[in-house]
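**Student:** here is a sequence with its predicted model. Questions after.
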Amino acid sequence: MYFTTILGYTAGILIIFAYLPQSIKTIRSKSTKDISLLFSLILTIAEILWIVYAIIIHSYPLLLTNAVSVVLLFPILAIKLKNEIHGGKSSK
């Protein structure tokens, strides 16, 4: 395996582990009070754009890690949007 591939997978795994605690906390508590909606939207869109870019350049490390990142970010964004729309725990 090439050094650049190992580097890509390592960076991606670290990103995934960075999102994991927030995703778990948000799913368990349903609270998004301290999470910015704009931040969540921009980050999710950026991750989706990274996926498109990874497909275009045939980069499996980018594709895999960003796909997992979107899976981890989606519950945060969905709960945040639900809380914003319905005035749930995000407004407390």
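**Tutor:** Thanks, I have it.
**Student:** mind checking which helix or strand L73 is in?
**Tutor:** helix 60-86 (DSSP states H and E).
**Student:** my guess is A54 contacts V70. True?
**Tutor:** No - taking contacts as C-beta atoms under 8 Å, A54 lies outside contact range of V70: 11.6 Å. All C-beta atoms are positioned from the backbone trio N, CA, C, and that covers glycine.
**Student:** hmm, back to that, which strands or helices does the helix holding L73 pack on?
**Tutor:** helix 3-29, helix 37-57 (3 or more C-beta pairs under 8 Å, 6 or more residues apart in numbering; DSSP states H and E).
**Student:** adding mean neighbour count and distance to L77, write these out as a markdown table.
**Tutor:** Putting the helices and strands packed on helix 60-86 into a markdown table (neighbours: other C-beta atoms under 10 Å; distance: least, C-beta to C-beta, whole Å) gives the following:
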| stretch | mean neighbour count | distance to L77 |
| --- | --- | --- |
| helix 3-29 | 13 | 9 |
| helix 37-57 | 14 | 5 |
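**Student:** lowest mean pLDDT across those helices, which one is that?
**Tutor:** Ranked by mean pLDDT, the helices and strands packed on helix 60-86 end with helix 3-29 in last place, scoring a mean of 88.
**Student:** quick revisit: off-centre distance for the helix holding L73?
**Tutor:** Mean C-alpha position of helix 60-86 versus that of the full chain (C-alpha atoms, centre = their mean, to the nearest Å) differs by 4 Å.
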